[in-house]
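Trainee: Whatever this is, show me its structure:
(chains A and B)
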Amino acid sequence: MTYAQRRRLGNLALDALTWGLLLVMLAPVVWLVISATQGTGRLATGAYDLLDPTFVAFKDMWSSVNFGKYFVNSLIICTAAALLATAFAASAGYALARYRFKGQGVFSTALTGTQLIPGSMFLLPVFLGFIWLKQNTPVALLDTHVGMILVYTAFFTPVAVFFMRSFFLAVPRELEDAAMVDGCTPFGAFWRIVLPNAAPGLLATFVYAFLFAWDELLFVASLTQTRAETIPIGIRNFVGNYSEEYGQLMAAGVVSTLPVLLAFFATQRWLVKGLTAGAVKG
Amino acid sequence: MGGAGPPSRAPSSGPPPRTPPIHPMSSTPLTVEVADERPEHARRRRRPFAGGLSKRRLPFALIAPALLFMVLVHVVPTAAGVALSFKNLNTFTFSQLFDAPWNGFANYDSILFDQANPLRSGMGQAAVNTLQYTFLTTVGTLGGGLGIALLLNRKMRGQRIARTLMLTPWIVPSFVVAVIWGFMWQSDVGIVNKVLVDYLGILSERPTWLIGENSLWAITIPSIWRGIPFAMLLFLAALQSIPQDLSEAASIDGAGPWRRFRHITLPLLRPLIAVQLLFTVIYSAYQFTIPYVMLGSNPGPDADLMMTLIVRQSFSNNLFGFGAAASVLLMLAMFVWVAIWYATFRRDLQESR
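Mentor: Numbers count the residues shown, from 1 in each chain, chains lettered A, B, ... in the order given. Okay, here's the model as predicted:
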């Protein structure tokens, strides 16, 4: 075998390995979708018939545990929290990207430091605080959308700040200088010139926060009882509490993955930029 | 918001503010700042009113919302949590909330030293499990992510689509990951045992995955599976920023693929590996969703992690003071990890700047 032949063969083997690994990585997701179309009966025996799919679970899941309620709650809470987090992150990220101010280092470190706190550490005081507010004030945060929105906003703002910062750093400084020469205030330059130029960054940050809020379970399990419960709680109810509806559980898994999957692939290009910028450039 | 600053100069000492608020949506009156060629002191005099967002005050106003939320939801509750760890907050004192009686170091004492306390044995096992889970998940995630990133960094037909599809596991929410794998691990009908026993014949007996000694693997493997794509994404971005000519030059000098990787690629990836190590360890040590959804609020002694134990003791058994003390210890453990991490990678961090 010549050198070129050997090389081509080696490349072919590595290509095959790559595609093989991709298949392995995708297999569990494919298996979820297949399982969702098999019905509870066949799931219980493990005797799948891929040629005879049934979609009845996708219909029943909405009535047996009122999945629609969880779905709508998730949409409301995650959208509102992601919007707020993006807004807060945009303004704070801009300050970090463009200004030198007193306490900047402390603020940056504190933002990173929030990631060091275990959820159980501040869940309990937040829980007690919500109860205290309910008993002593008219402020209703326990088991309400507002309560969850406020908590999630705080959760996902810190990382989002670094996200937005990296997007602002990519906006040329000359744009603002020109705007200020033309009579814009520093805030006006930010609001009317820089923000529109960082629109993809805003979108990516929003999707980031939405993705993570969608996946949150610990706090929503403790801070809600009936009214503001989200999808992760609903998923739990397919097994145990109500019945052993595995077919519907799988269908619910598919349905609760779809929104984030679509949001991710629609904004992938910018999201990847935001995700990698912070870590790779330090 | 802008009015919070000290009015350092009396409003009457200079000409009146020149401009009305310019942004109709803003509740804060903003002064227009025109490029001003005059010396610093002259300019200061002309911006006398505290209501304007000067360049000096603007950054503080900009970080205010993020700062407020951080203080209200992270800083104050964490401080309160530390305080609660010294209190006797349980079913009987719960109605007193933050006014529960002080308990000194009793919570810590029972966790660390009280041999007779039945909670303590569970705690030791949970700590060991968490350590194992964190180690395996971190090694698996970073190793797998780097391996796949190297493969996808090669020129290949369909490279783009492969890179995009490879991200899918990371988009699947953790609670769905737990559902998928919980079903795949089923002993009798699960696909894992079918493949291992029926199709490939690697094992002759059907192992149980969800109970007993295998159950730690039952949560570790899905965690690695979900973590790999994100690690890969970061590694791939870093690999693409490594200039090709370095590798080519080494190749001409006769360095094989392994030596090129070992002596060129790996050292350049060190800062990124450091960052990923830091956060993957923290994230894994605080894992809750996957064991909780897959194995329930009590995953059993073989797969109980610190977080599942703390949440169970706090919210199912109402041992809130105990849970708070355990949370503090878990957080301290992470501080130790950060210190070790910093001492190890200090030089890499400076070099990457």
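
Trainee: For the stretch 101-250 of chain B, give me the ranges with low pLDDT.
Mentor: B:118-119 (pLDDT under 70).

Trainee: Show me the strands in it, by range?
Mentor: Applying DSSP state E, counting those that start in this stretch to the stretch 101-250 of chain B gives no strands.

Trainee: residue contacts, the residue of it found nearest chain A?
Mentor: Proximity of the stretch 101-250 of chain B to chain A (CB to the nearest CB) peaks at residue B:189, 2.9 Å away. Heads up, the C-betas are built off the backbone N, CA and C, glycines and all. Residues in contact with residue B:189 (CB atoms under 8 Å, 6 or more residues apart in numbering or on different chains) are A:43-46.

Trainee: Residue B:82 now?
Mentor: Neighbouring residues of residue B:82 by CB under 8 Å, 6+ apart: B:324, B:328.

Trainee: quick one: the nearest residue to residue A:65 once chain neighbours are set aside and chain B, what's the gap?
Mentor: Closest residue to residue A:65 apart from its sequence neighbours, by CB to CB, 6 or more residues apart in numbering or on different chains: residue A:237 at 4.7 Å. Noted for residue A:237: a distance of 12 Å to chain B, by CB to the nearest CB, to the nearest Å.

Trainee: same question, residue A:10
Mentor: 9 Å.

Trainee: That residue: which element?
Mentor: helix A:3-36 (DSSP states H and E).

Trainee: mind listing what's buried in that helix?
Mentor: Neighbour counts using 16 or more other CB atoms under 10 Å in any protein chain shown place A:15, A:18, A:21-22, A:25, A:28-29, A:31-32, A:35-36 of helix A:3-36 among the buried residues.

Trainee: list the helices and strands it packs on?
Mentor: Applying 3 or more CB pairs under 8 Å, 6 or more residues apart in numbering or on different chains; DSSP states H and E, we find helix A:3-36 packed against helix A:246-281, helix B:118-152, helix B:159-166, helix B:168-171, helix B:174-184, helix B:215-240.

Trainee: Determine how far the longest one lies from the middle of the whole chain.
Mentor: It refers to helix A:246-281. Taking CA atoms, centre = their mean, to the nearest Å, the mean C-alpha location of helix A:246-281 is offset from the chain mean by 7 Å.

Trainee: Could you check the angle that helix makes with helix A:3-36?
Mentor: 140 degrees (axes from the mean of the first three to the mean of the last three CA atoms, to 10 degrees).

Trainee: Pull out the buried positions in helix A:246-281.
Mentor: Under the neighbour-count criterion of 16+ other CB under 10 Å, helix A:246-281 has A:246-257, A:259-261, A:263-264, A:267, A:270-280 buried.

Trainee: Spell out for me which residue occupies the centre of chain A.
Mentor: residue A:211 (1.2 Å; CA atoms, centre = their mean).

Trainee: That one contacts residue A:263, correct?
Mentor: Yes: counting by CB atoms under 8 Å, residue A:263 is a contact partner of residue A:211 at 7.1 Å.

Trainee: Common neighbours of these two, please.
Mentor: Counting by CB under 8 Å, 6+ apart, nothing touches both residue A:211 and residue A:263.

Trainee: Keeping just the C-alphas, turn stretch A:90-101 into PDB.
Mentor: What follows is stretch A:90-101, C-alpha atoms only, in PDB (Å, rounded to 0.1, in the frame of the first residue of the first chain):
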ATOM      1  CA  ALA A  90     -27.800  43.700  28.400                       C
ATOM      2  CA  SER A  91     -27.500  46.800  30.600                       C
ATOM      3  CA  ALA A  92     -25.000  45.200  33.000                       C
ATOM      4  CA  GLY A  93     -23.000  43.600  30.200                       C
ATOM      5  CA  TYR A  94     -22.700  46.900  28.500                       C
ATOM      6  CA  ALA A  95     -21.400  48.500  31.600                       C
ATOM      7  CA  LEU A  96     -18.800  45.800  31.900                       C
ATOM      8  CA  ALA A  97     -17.800  46.000  28.200                       C
ATOM      9  CA  ARG A  98     -17.400  49.700  27.900                       C
ATOM     10  CA  TYR A  99     -16.900  51.400  31.300                       C
ATOM     11  CA  ARG A 100     -14.400  51.300  34.000                       C
ATOM     12  CA  PHE A 101     -16.100  51.900  37.300                       C
END
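
Trainee: Could you report the separation of residue A:117 from residue B:100?
Mentor: Distance, residue A:117 to residue B:100, using CB to CB, to the nearest Å: 22 Å.

Trainee: again but with residue B:229, I slipped
Mentor: Separation of residue B:229 from residue B:100 (CB to CB) stands at 44 Å.

Trainee: need the helices for the stretch 101-250 of chain A, in chain order.
Mentor: Secondary structure of the stretch 101-250 of chain A by DSSP state H, counting those that start in this stretch: the helices cover A:104-113, A:119-136, A:145-169, A:173-181, A:186-188, A:195-197, A:199-214, A:218-223, A:231-236, A:246-281.

Trainee: Take these and lay them out in a markdown table including distance to residue B:112 and mean pLDDT.
Mentor: Below are these laid out as a markdown table (distance: least, CB to CB, whole Å; pLDDT from 0 to 100):
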| stretch | distance to residue B:112 | mean pLDDT |
| --- | --- | --- |
| helix A:104-113 | 25 | 92 |
| helix A:119-136 | 18 | 90 |
| helix A:145-169 | 30 | 93 |
| helix A:173-181 | 54 | 88 |
| helix A:186-188 | 53 | 87 |
| helix A:195-197 | 51 | 91 |
| helix A:199-214 | 34 | 93 |
| helix A:218-223 | 25 | 92 |
| helix A:231-236 | 33 | 90 |
| helix A:246-281 | 36 | 86 |
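
Trainee: which one is residue A:55 nearest to, not counting chain neighbours?
Mentor: Nearest to residue A:55 is residue A:37, by CB to CB, 6+ apart, at 6.3 Å.

Trainee: Need the pLDDT of the one you found.
Mentor: Residue A:37 is assigned a predicted lDDT (pLDDT) of 90.

Trainee: thought it was touching residue A:56?
Mentor: No: with contact defined as CB under 8 Å, residue A:37 does not count as touching residue A:56 (9.3 Å).

Trainee: Which one's more surrounded, those two?
Mentor: Using other CB atoms under 10 Å in any protein chain shown as the criterion, residue A:37 and residue A:56 rank with residue A:37 on top: 21 against 14.

Trainee: How about the contacts made by the closest residue to chain B within the stretch 1-150 of chain A?
Mentor: Per CB to the nearest CB, residue A:46 is where the stretch 1-150 of chain A lies closest to chain B, at 2.9 Å. Counting by CB under 8 Å, 6+ apart, residue A:46 touches B:186, B:188-190, B:194.
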